[in-house]
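[1] what's the 3D shape of this:
(one chain, ligands or ions: 1)
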Amino acid sequence: MTSVQKLPEVAKAKDTSKREIKVYRLFYPQIAVIIASGTKDRVEAVAINSVISGSSHPARVVFAMKKEAAILPIVRERRSFSVNWMDSRFVKSVDFLGFQREGNPKDKIKAAGLTWLPGNTTGTPMVSEAAATLECSLDQVFPLDDSDLVVGRVVSTRASGDFSEYWRFKTYKPLIYFGAAPGKKVGRYVLFPYRR
Ligand SMILES: Cc1cc2nc3c(=O)[nH]c(=O)nc-3n(C[C@H](O)[C@H](O)[C@H](O)COP(=O)(O)O)c2cc1C
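    As a prediction, the model looks like this:
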C-alpha cells in the first residue's frame, strides 16, 4: 500500500489560521523593475515587482500599484508610462524608489541617481541605465480595493545587447527582490558579484 508522508517543511509550518497572512509576500522572490511617468517638469518613478506580460498581440503589460502611490495620477494624466529592468548594480537606486524617498523631489529618477530620455512616441521618461525598457501607452486601469491594476500597451521597446530572443545573462544580472527586511524600511535582494 502506498503511504503519503508529510514533507518536513509542511509538518513544521506554523498554523496560520489565527493570523492574517500578507498573501503578496508568498510571491517573493520577484524581479524588481522601475515604473516611470511624467514630463520634464515632474518625473515620478517607483520600484515595483508586480509587473507581468498581459498579452502578446498586441503586447501589453500589467502591474498592481497601491492606490495612494504618487505615480498613479501622473500615469492617468499623461496616459503613458515606462517599465525599466534594472541590473543588480543599481540596487541602491531601486531601493530608494521603493522605500527611502525623502521630501518630494520634482525628478524622482534624478533623485535616485539615474538619468532618463523621453520615449519617442509618448515622451514618457525612459531610464537610460536600464537593461531593457518598454514604452507604454495607458490602456485601462482596473480598481481593486486598495490597489489599481494598470494595463499598458507597448508602443516601443529597447533592450541591451545581452537580450537576443532571450536574456543571455552575460552582462545583465537581474535584481531579485525578497521583500522588505522585517521591521526595516529597506529591501532584501540577490546581489551578483561583478568582476572589475
Ligand atoms: C523592489 C520593490 C518592489 C515593490 N513592488 C511594489 C508593487 O508591485 N506594488 C506596490 O504597490 N508597491 C510596491 N513596492 C512598494 C512601493 O515601491 C512603495 O510603496 C513606493 O515607494 C510608493 O511610494 P509613493 O506612495 O510615495 O508613490 C515595492 C517596493 C520595492 C522596494
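[2] could you find the closest non-adjacent residue to whatever residue of the chain ends up closest to the ligand?
    Per C-beta to the nearest ligand atom, the residue of the chain with the smallest distance to the ligand is residue 98, at 2.1 Å. Backbone N, C-alpha and C define where each C-beta goes, glycine included. In this structure, residue 98 finds its nearest non-sequential neighbour in residue 47, 3.5 Å apart by C-beta to C-beta, 6 or more residues apart in numbering.
[3] and what of residue 134?
    Closest to residue 134 by C-beta to C-beta, 6+ apart is residue 83, at 4.4 Å.
[4] mind listing the residues bridging to residue 167?
    Taking DSSP bridges as the rule, residue 167 bridges to residue 163.
[5] name the residues of stretch 31-49 that come out as buried.
    32-38, 42-49 (16 or more other C-beta atoms under 10 Å).
[6] so what's the closest residue to residue 59 other than its chain neighbours up against?
    The shortest distance from residue 59 to any non-neighbouring residue, by C-beta to C-beta, 6+ apart, is to residue 154 (3.9 Å). Contact partners of residue 154, counting by C-beta atoms under 8 Å, 6 or more residues apart in numbering, are 58-61, 134-136.
[7] each with direction, which strands does the host helix or strand of residue 154 pair with?
    Here residue 154, judged by DSSP states H and E, is contained in strand 147-159. With DSSP bridges as the test, strand 147-159 is paired with strand 60-66 (antiparallel), strand 132-144 (antiparallel).
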